[in-house]
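Enquirer: Got a sequence here, can you build the structure:
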Amino acid sequence: MGVWHQIQQYLFLKKRDPKAPRNANIFLMHGMNRISILIFLIAIIIMLLRIFFGKPI
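Expert: Numbering: from 1, shown residues only. A predicted model of the protein is given here:
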C-alpha cells in the first residue's frame, strides 16, 4: 500500500481495507497519525499565509 492511500484512509477520504486488522492499538495509532497530519497541514497553510500576506521577517 502506498503512502498516499494510507493518508487518504487516515483522513477518511478512502474506505479502509476490510481485511486489515482492527484492534485498540491500531485505532489509537491511526487517531494520533490523523491528528499529526492535520496539525502539519494547518502549520503549512499558516506558513504560506505569512509568507505571502504577512510582514517580512
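Enquirer: what's the burial count for residue 33?
Expert: 15 (other Cβ atoms under 10 Å). For the C-beta atoms, the positions are set from N, CA and C on the backbone; glycine is no exception.
Enquirer: again with the one 5 residues further on
Expert: A total of 12 residues lie near residue 38 under the criterion other Cβ under 10 Å.
Enquirer: State the distance from it to residue 22.
Expert: Residue 38 is 22 Å from residue 22, where distance means Cβ to Cβ, to the nearest Å.
Enquirer: And for residue 44?
Expert: From residue 44 to residue 22 the distance is 31 Å (Cβ to Cβ).
Enquirer: One more: residue 45?
Expert: 32 Å.
Enquirer: again with residue 5
Expert: Residue 5 is 17 Å from residue 22, by Cβ to Cβ.
Enquirer: So for these two, which sits in the more crowded spot?
Expert: Taking neighbours as other Cβ under 10 Å, residue 5 and residue 22 compare with residue 5 leading, 13 against 9.
Enquirer: tell me which element that one is part of?
Expert: helix 3-10 (DSSP states H and E).
Enquirer: Assign the residue most central in space within the chain to helix, strand or coil.
Expert: In the chain, the C-alpha nearest the mean C-alpha coordinate belongs to residue 37, at 2.8 Å (Cα atoms, centre = their mean). Of the three states, residue 37 takes helix under DSSP: H, G, I helix; E, B strand; the rest coil.
Enquirer: ok, it to residue 20 distance?
Expert: 18 Å.
Enquirer: how about low-confidence regions in this protein?
Expert: Within the chain, the set of residues satisfying pLDDT under 70 comprises 1, 9-17, 55-57.
Enquirer: Which parts of it are helices?
Expert: Assigned by DSSP state H, the helices in the chain fall at 3-10, 24-53.
Enquirer: Highest mean neighbour count out of those helices?
Expert: Compared across those, helix 3-10 shows the largest average neighbour count, a mean of 14 (mean count of other Cβ atoms under 10 Å).
Enquirer: how distant is it from the center of its chain?
Expert: 8 Å (Cα atoms, centre = their mean, to the nearest Å).
Enquirer: Sweet, I'm off.
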